[in-house]
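> Pasted the sequence and its predicted model underneath.
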Amino acid sequence: MELLRLVIRMEDLDKLNINIKEIASQKLKQLYGEKINQSIMDRFNVELNNILKNKFENYYKIAYMIANKANEDNEIIISRGTASASFINYLLGINYINPIEYNIPLEIWAGINGDKTPDYEFAFGTEYINTIYKYIKTKLEENKIFYQDKIDSMDSNMAKINFIPCKELDELIEFEENTKINHTSINAKSEQLIKEYMEQEDDGKLKNILLKTNPQSVEQLIKCYSLYRGTGVWDNNIENLIEKYSINEMLCSREDIYLYLQRCGIDKKIAFDIMELVGKGRTKHSKYIKDWENSIKIMKEHNVPEDYIKSFSKIKYMFPKAHVANYILLNLWLTWYYINENIEIPTGFYGLDYIIKGLKEGSLNIIASRPGMGKTTLAFNIATFVAYQDIPVAIFNLELSKEKLLRNITASTALVDINKLNTGKLNEDDLNKVKESKKSLEKKEIYIDDTPKMSIAEIREKSRKLKLEKNIGLIVIDYLQLIDTTSNDEQGRTEIMTNLKRLAKELNIPILVVSQLKSKVEQREDKKLYLTDLSKCIVQYADVIMFMNMDEEDDHIRKITIAKNKYGRIDKIELLFISKWLKFVNLEKWGDKFDKYWI
């Protein structure tokens, strides 16, 4: 399907029972809590007041209705153009770019006076456009929807919506289905991911821009893509200035110009007008020649560098940052899937999955550390994540009781303090979270066996039965040294390891085993862990060995060293350990959201 342009009369949208203010306010509190930063609150109030004052609610209602339907159907939606400059759009789920996070001013979407008519253009997967069109017809009645090319003229009582098919979204959705990893869990800001994206880029012009500017962040990558997409922005223009100015100093999008001119002391309205002249390539147009001459005079009075002014005059078209940001994130997500498409069973920790390619079928994986580091918690966090991917999991828990383990898992999924959960001292909010967590966990297939002193023969027998009857996809054992054996020496451990390896191969599923280290580790000053700190048979038969250490400067951070990796390189990652929740989280995605007093 090609571009679909629909027109809906405003009077037909009045009946939609959608309260934009209420929905956006609820999302705002969900994201930022009760004590919201004043600058965020100001942005929210200004935009909402503009919508109500100019009677734009119906535009947002229809956009929300479409986006909400897509979200319910697990489809991905991209709001093209400048819609991503709207904070209200973000809160309503109409776009996934938070303009506050990416420093995108509201005026790009709403105009300098906040009275610019909203203009929506949505990109969907190619097949889904038909689905969303049928949905709109059902909700509004077919005779109230028009194709734009079948009406004589547009007026202020009509809302226009464009739908564009996007093959990249089809690809993204297919990756999600195959890997069972949602794109929202990917840390697009990872420096490693940005490097991979740059290495894989095969467009000659864009590759050249990336090589010359060497972006290190998503913000810088957005600047590069803006240079690439614009007309007269890079070629014979900014490419000649890049050695003189850093990528951060270059003005690559309309928003860059608008914000920079204000920093120079130029009035907001004047800065907006100059941005419009430059961004839309009007500096050489006879109709605007006097406006441009006056703009040059104002910029010189405010010490805008001559290089910048000359660069502005060469621009024929400049893309808004709000538009470009969508496609940068889309490309970063796709890059992550290209790299990780061979991940079989994800652990929930993308840095770890990136290195070991997930838990491989038939693999034997070891987590080892000194006591008190959280290795058991990490193993159970992984087991829970896998179960939430609708993969049945068997846990042989040789140390904790089933009741205690379930409480620990509940704390980690509900994000409640384990001490409060153990003592029953929970407030109403915590009680509701625990209730929801238990309700969710009941639907997941986690089979716990807490029989003490199980032998390897018993574990094999029970595992075979669970595979046959429940089709388990992962076995977790805590911990290796508690498996009953006839001899507590290297020979006994070798027997256990060989049998675990055979079991993984026989059932063709991964086994994750928690292991202690040799006692001599506690006696030495050097806290670094080595493969020699494990029994030889463990090192010999394991496919992946992970060591866990506490960060020397921050005891909330755990360094995970992949010391043996049959499927890739030896490397390290860092995870944030929130001990009161018994929860490990991806440091890059969550770390900046947790104050120390939370932990």
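Thanks, I have it. Residues are numbered from 1 along each chain as shown.

> ok, Leu466 touching Ile472?
Yes. Leu466 is within contact range of Ile472, at 4.7 Å (criterion: CB atoms under 8 Å). All C-beta spots, glycine's among them, are computed from the backbone N, C-alpha and C.

> Between the two, which has more neighbouring residues?
Shown here are Leu466 and Ile472; by other CB atoms under 10 Å, Ile472 has more neighbours (22 against 19).

> What residues sit buried inside stretch 303-320?
Neighbour counts using 16 or more other CB atoms under 10 Å place Val304, Tyr308, Ser311, Phe312, Ser313, Lys314, Ile315, Met318, Phe319, Pro320 of stretch 303-320 among the buried residues.

> And stretch 330-341, by the same measure?
Leu330, Asn331, Leu332, Trp333, Leu334, Thr335, Trp336, Tyr337, Ile339, Asn340.

> With pLDDT, secondary structure and distance to Leu575 as extra columns, can I get these in JSON lines?
Shown next, in JSON lines, are the buried residues of stretch 330-341 (pLDDT from 0 to 100; DSSP: H, G, I helix; E, B strand; the rest coil; distance: CB to CB, whole Å):
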{"residue": "Leu330", "pLDDT": "92", "secondary structure": "helix", "distance to Leu575": "27"}
{"residue": "Asn331", "pLDDT": "91", "secondary structure": "helix", "distance to Leu575": "27"}
{"residue": "Leu332", "pLDDT": "92", "secondary structure": "helix", "distance to Leu575": "21"}
{"residue": "Trp333", "pLDDT": "91", "secondary structure": "helix", "distance to Leu575": "22"}
{"residue": "Leu334", "pLDDT": "91", "secondary structure": "helix", "distance to Leu575": "25"}
{"residue": "Thr335", "pLDDT": "89", "secondary structure": "helix", "distance to Leu575": "22"}
{"residue": "Trp336", "pLDDT": "85", "secondary structure": "helix", "distance to Leu575": "18"}
{"residue": "Tyr337", "pLDDT": "85", "secondary structure": "helix", "distance to Leu575": "22"}
{"residue": "Ile339", "pLDDT": "77", "secondary structure": "helix", "distance to Leu575": "20"}
{"residue": "Asn340", "pLDDT": "74", "secondary structure": "helix", "distance to Leu575": "18"}
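
> how about TSV for those residues, with distance to Leu16 added?
Shown next, in TSV, are the buried residues of stretch 330-341 (distance: CB to CB, whole Å):
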residue	distance to Leu16
Leu330	29
Asn331	34
Leu332	35
Trp333	32
Leu334	34
Thr335	38
Trp336	37
Tyr337	36
Ile339	42
Asn340	40
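
> I'd like the distance between Glu199 and Ile339.
According to CB to CB, to the nearest Å, Glu199 stands 10 Å off from Ile339.

> With Asn303 instead?
45 Å.

> what's the answer for Thr283, then?
42 Å.

> what do you get for Glu301?
Distance from Glu301 to Ile339, by CB to CB: 50 Å.

> try Phe319
27 Å.

> What are the phi and psi values at Ser283?
One thing to correct before we go on: residue 283 is Thr, not Ser. Per-residue torsions, Thr283: phi -70, psi -20 (degrees, to the nearest 10).

> now Asn565
phi -150, psi 100.

> For it, list each beta-bridge partner.
Val544 (DSSP bridges).

> ok, now which ones touch Lys360?
By CB atoms under 8 Å, 6 or more residues apart in numbering, the contact set of Lys360 is Glu344, Ile345, Pro510, Asp543, Tyr567.

> Would you format the residues you listed as CSV with secondary structure, neighbour count and pLDDT included?
Formatted as CSV, these follow (DSSP: H, G, I helix; E, B strand; the rest coil; neighbours: other CB atoms under 10 Å; pLDDT from 0 to 100):
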residue, secondary structure, neighbour count, pLDDT
Glu344, coil, 17, 83
Ile345, strand, 24, 88
Pro510, coil, 25, 97
Asp543, coil, 20, 96
Tyr567, coil, 15, 88
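
> Measure how buried the closest residue to Asn331 other than its chain neighbours is and give me the count.
Nearest residue to Asn331, sequence neighbours excluded (CB to CB, 6 or more residues apart in numbering): Tyr197, at 6.5 Å. Using other CB under 10 Å, Tyr197 has 23 other residues around it.

> How about Asn17?
Residues near Asn17, counting by other CB under 10 Å, number 5.

> Just give me the neighbour total for the closest residue to Asp14 other than its chain neighbours.
Spatially, and ignoring its direct neighbours in sequence, Asp14 is nearest to Asn58 (6.7 Å; CB to CB, 6+ apart). Neighbour count of Asn58, defined by other CB under 10 Å: 21.

> Relative to the whole chain's centre, how far out is the helix or strand where Asn58 lies?
Per DSSP states H and E: Asn58 is located in helix 57-72. Mean-position distance between helix 57-72 and its chain equals 22 Å (CA atoms, centre = their mean, to the nearest Å).

> got the CA coordinates for it in PDB?
Provided in PDB are the C-alpha atoms of helix 57-72 (Å, rounded to 0.1, in the frame of the first residue of the first chain):
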ATOM      1  CA  GLU A  57      -8.400  18.400  21.400                       C
ATOM      2  CA  ASN A  58     -10.000  16.500  18.600                       C
ATOM      3  CA  TYR A  59      -6.700  16.200  16.700                       C
ATOM      4  CA  TYR A  60      -5.100  14.600  19.700                       C
ATOM      5  CA  LYS A  61      -8.100  12.400  20.300                       C
ATOM      6  CA  ILE A  62      -7.900  10.800  16.900                       C
ATOM      7  CA  ALA A  63      -4.100  10.400  17.100                       C
ATOM      8  CA  TYR A  64      -4.400   8.900  20.500                       C
ATOM      9  CA  MET A  65      -7.200   6.500  19.300                       C
ATOM     10  CA  ILE A  66      -4.900   5.300  16.500                       C
ATOM     11  CA  ALA A  67      -1.800   5.000  18.600                       C
ATOM     12  CA  ASN A  68      -3.600   3.300  21.400                       C
ATOM     13  CA  LYS A  69      -5.000   0.700  19.000                       C
ATOM     14  CA  ALA A  70      -1.500   0.100  17.600                       C
ATOM     15  CA  ASN A  71      -0.100  -0.300  21.100                       C
ATOM     16  CA  GLU A  72      -2.800  -2.800  22.100                       C
END
